[in-house]
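Mind folding the following:
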Amino acid sequence: QPKRKAAFGSVGRRIPYRILHVINQDGESLGNMHRAEALKLMDQHGLKLVLLRENVEPPVYRLMTGQQIHEEQLKLAEKKKANPKPGVVQKELSFSSAIAKNDLETKTKQIAQWIERKHHVKVTIRQAK
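Down below sits the predicted model:
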């Protein structure tokens with residue numbers, strides 16, 4: 001599988017499409033324009049062109065400041081952390097701090113098996129009375 005794209009597709013000057021739909025930094029549509037016009041607009045305002053949707057015709061780009069790009073990347077990272085990856089199983093194990101030696105050994109073996117199977121393991125230890 002080829003390397004996955006960054007959080008945002010082409011940022012800046014590398015634009016493979018000739019005709020683009022451009023949105024300004026305030027979210028207003030500027031309509032369809034040629035790549036050269038969009039690059040000129042980008043240079044005039046000191047902004048960057050960021051690919052939002054490429055599966056539409058023409059692809060949608062947005063003019064953004066570096067700060068806006070950074071904030072969007074942080075939002076995407078938060079969403080990615082919140083949603084576990086499909087196919088990854090998370091196992092949870094909870095036990096008391098007064099656990100017997102045999103029980104502890106059994107549970108550690110179970111945790112080792114889960115880790116070998118590439119499961120995410122969460123261990124909670126409760127304080128004994």
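
all contacts plus neighbour counts: C-alpha atoms, from now on.
Fine.

Domains in this protein, by residue range?
As given by the TED database, the domain ranges for the chain are 19-82, 90-126.

Burial-wise, tell me which of those comes out on top.
Burial of the domains of the chain is given as mean neighbour count (mean count of other C-alpha atoms under 10 Å); domain 19-82 ranks first at a mean of 15.

what's the first-to-last distance across that domain?
One end of domain 19-82 sits 36 Å from the other (C-alpha to C-alpha, to the nearest Å).

before we move on, back to that, comparing the domains of the chain by mean pLDDT, which bottoms out?
For the domains of the chain, mean pLDDT drops lowest on domain 19-82, to a mean of 84.

So residue 76, which state does it fall into?
helix (DSSP: H, G, I helix; E, B strand; the rest coil).

can you pull the contacts of the residue nearest to residue 58 when sequence neighbours are not counted?
Excluding the flanking residues, the one nearest residue 58 by C-alpha to C-alpha, 6 or more residues apart in numbering is residue 20, at 5.3 Å. Listed by C-alpha atoms under 8 Å, 6 or more residues apart in numbering, the contact set of residue 20 reads 32, 33, 34, 35, 38, 58, 59, 60, 61.

Now distance to residue 110 too, for those, in TSV please.
Below are those laid out as TSV (distance: C-alpha to C-alpha, whole Å):
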residue	distance to residue 110
32	58
33	59
34	60
35	57
38	57
58	53
59	50
60	49
61	49
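
Tabulate the residues you listed in TSV, adding columns for secondary structure and distance to residue 112.
Below are these laid out as TSV (DSSP: H, G, I helix; E, B strand; the rest coil; distance: C-alpha to C-alpha, whole Å):
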residue	secondary structure	distance to residue 112
32	strand	56
33	strand	57
34	strand	57
35	helix	54
38	helix	55
58	coil	51
59	coil	47
60	strand	47
61	strand	47
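
And residue 36, how close does it get to residue 81?
Plainly put, residue 36 is 37 Å away from residue 81 if you go by C-alpha to C-alpha.

Am I right that the residue nearest to residue 58 is in a strand?
Yes: counting by three-state DSSP, residue 20 is part of a strand.

what are the bridge partners for it, then?
Note on residue 20: beta-bridge partners residue 33, judged by DSSP bridges.
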